[in-house]
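Asks: coords below, sequence missing:
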């Protein structure tokens, strides 16, 4: 009888421990989820305020007699908020539209917003090694927001019909002088995290051309674009998946005239 009582107590104790552990895990999950939604809300509000108060879209009639929308940014005002501003990115028919900043490393803006407030969604930022938009490969990082913020919408680039829509292959970069630079996508893929595709300096034209051909061959789609050593490109990088994923979604685009 005593043995049965001990077994019952032991089982009960194990159940209590398991319930306690599960309760702790549940509480931590709720906390993290609440923290994410809090950051997501604040990040969305900050960026909407910037879009509404710092940017302007005007309609003009171009040389072809067609209506054309001109997007401009009050960079002087934006720099009062954050002097690290380097430009603005627009793509995916403007579903992605964010300021670009640059720090002295590639970690600060992983968890700081455009207002330099602590935020797990961070903001879009240029590689600290880049010196200007004239570099051969300008690398731009952003989180893969589960709420589709930042570079979260890059996941849709893998949909088979994505590039059937007009201008889905175009990325706009507006520099701080409000000049718009147009880039056409020539490669996109998923890869394990590495240093190669974010190379920013090259020792020779041949080395750079080899780099261009290598990243072009990685692409899920052949865009039939011939690349030259004189081409300048941008590289977008974000996590593929969530949590502690080691995979990256990568998009490359070359500068074109429009």
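Replies: Perfect, thanks for sending it. This structure is a prediction, so every number in the text was calculated from the model and none was measured.

Asks: From here on, just use CA atoms for contacts and neighbour counts.
Replies: Fine.

Asks: what about the strands in this protein?
Replies: All strands of the chain, identified by DSSP state E, fall at 55-61, 67-73, 85-91, 96-102, 125-126, 137-141, 170-175, 180-192, 233-239, 247-256.

Asks: and of the ones you listed, who's closest to residue 111?
Replies: Within the strands of the chain, the stretch nearest residue 111 is strand 125-126; the backing value is 11.2 Å (CA to CA).

Asks: what's next to the closest one, contact-wise?
Replies: If you take CA atoms under 8 Å, 6 or more residues apart in numbering as the criterion, strand 125-126 is touched by 86, 100-103, 109, 138-142.

Asks: can you redo these as JSON lines with distance to residue 244, pLDDT and neighbour count?
Replies: Shown next, in JSON lines, are these (distance: CA to CA, whole Å; pLDDT from 0 to 100; neighbours: other CA atoms under 10 Å):
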{"residue": "86", "distance to residue 244": "29", "pLDDT": "98", "neighbour count": "20"}
{"residue": "100", "distance to residue 244": "25", "pLDDT": "98", "neighbour count": "22"}
{"residue": "101", "distance to residue 244": "24", "pLDDT": "98", "neighbour count": "23"}
{"residue": "102", "distance to residue 244": "24", "pLDDT": "98", "neighbour count": "23"}
{"residue": "103", "distance to residue 244": "23", "pLDDT": "97", "neighbour count": "15"}
{"residue": "109", "distance to residue 244": "18", "pLDDT": "97", "neighbour count": "26"}
{"residue": "138", "distance to residue 244": "25", "pLDDT": "98", "neighbour count": "24"}
{"residue": "139", "distance to residue 244": "22", "pLDDT": "98", "neighbour count": "24"}
{"residue": "140", "distance to residue 244": "20", "pLDDT": "98", "neighbour count": "23"}
{"residue": "141", "distance to residue 244": "17", "pLDDT": "98", "neighbour count": "24"}
{"residue": "142", "distance to residue 244": "15", "pLDDT": "96", "neighbour count": "22"}
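
Asks: Specify which member of these is nearest to residue 234.
Replies: Using CA to CA, residue 138 comes nearest to residue 234 of these, at 4.6 Å.

Asks: Leaving out the residues flanking it, which one is nearest to the closest one?
Replies: Ranked by CA to CA, 6 or more residues apart in numbering and with sequence neighbours excluded, the top spatial neighbour of residue 138 is residue 234, at 4.6 Å.

Asks: list the contacts for the one you found?
Replies: Per CA under 8 Å, 6+ apart, neighbours of residue 234: 137-140, 183, 252-255.

Asks: so what's residue 85 up against?
Replies: 75, 78-79, 99-102, 176.

Asks: Find the one among the strands of the chain with the highest mean neighbour count.
Replies: strand 125-126 (a mean of 28; mean count of other CA atoms under 10 Å).

Asks: what about it, average pLDDT?
Replies: Averaged over strand 125-126, pLDDT sits at 98.

Asks: can you check stretch 236-247 too?
Replies: For stretch 236-247, the per-residue pLDDT averages 86.

Asks: what's the span of it, first residue to last?
Replies: Using CA to CA, to the nearest Å, the end-to-end distance of stretch 236-247 comes to 14 Å.
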